[in-house]
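Engineer: fold the stuff below for me.
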Amino acid sequence: MARTRETGRPYEYVTYAPAGYTCGKCRKPIPTDTPCRRGDIERTSSSPVAVYWHQECATKAGGAK
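Structural biologist: Numbers count the residues shown, from 1 in each chain. Have a look, this model is predicted:
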């Protein structure tokens with residue numbers, strides 16, 4: 001799993017995903033009223049992209065709790 005450049009951890013903080021986002025792990029939609037984890041994934045060709053994960057998926061992947 002990609003890591004963020006600032007902290008070395010994949011998950012930065014808990015927030016709410018904007019409408020239309022899917023989980024970076026399970027690829028299922030994230031409801032806008034459900035807390036989720038947000039992080040940035042670096043890309044070599046341009047600026048980092050924001051990625052959102054369900055809380056359960058972040059825990060299963062070994063992220064911060």
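
Engineer: how about the helix or strand hosting residue 39: buried residues?
Structural biologist: Per DSSP states H and E, residue 39 falls inside strand 35-41. Within strand 35-41, the residues scored as buried using 16 or more other Cβ atoms under 10 Å are 36, 37, 38, 39, 40. Where C-beta positions appear, they are placed from N, C-alpha and C, glycine not excepted.

Engineer: okay if I get those residues as a markdown table plus pLDDT and distance to residue 25?
Structural biologist: Conversion of the buried residues of strand 35-41 to a markdown table gives the following (pLDDT from 0 to 100; distance: Cβ to Cβ, whole Å):
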| residue | pLDDT | distance to residue 25 |
| --- | --- | --- |
| 36 | 94 | 11 |
| 37 | 92 | 10 |
| 38 | 92 | 13 |
| 39 | 87 | 11 |
| 40 | 84 | 16 |
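
Engineer: show me the shaky parts of the protein.
Structural biologist: By pLDDT under 70, the weakly predicted segments of the chain are 1-11, 61-65.

Engineer: tell me where it has strands.
Structural biologist: 13-16, 35-41, 49-54 (DSSP state E).

Engineer: who are the packing partners of the second one?
Structural biologist: In this structure, strand 35-41 makes packing contacts with strand 13-16, strand 49-54, helix 55-60, judged by 3 or more Cβ pairs under 8 Å, 6 or more residues apart in numbering; DSSP states H and E.
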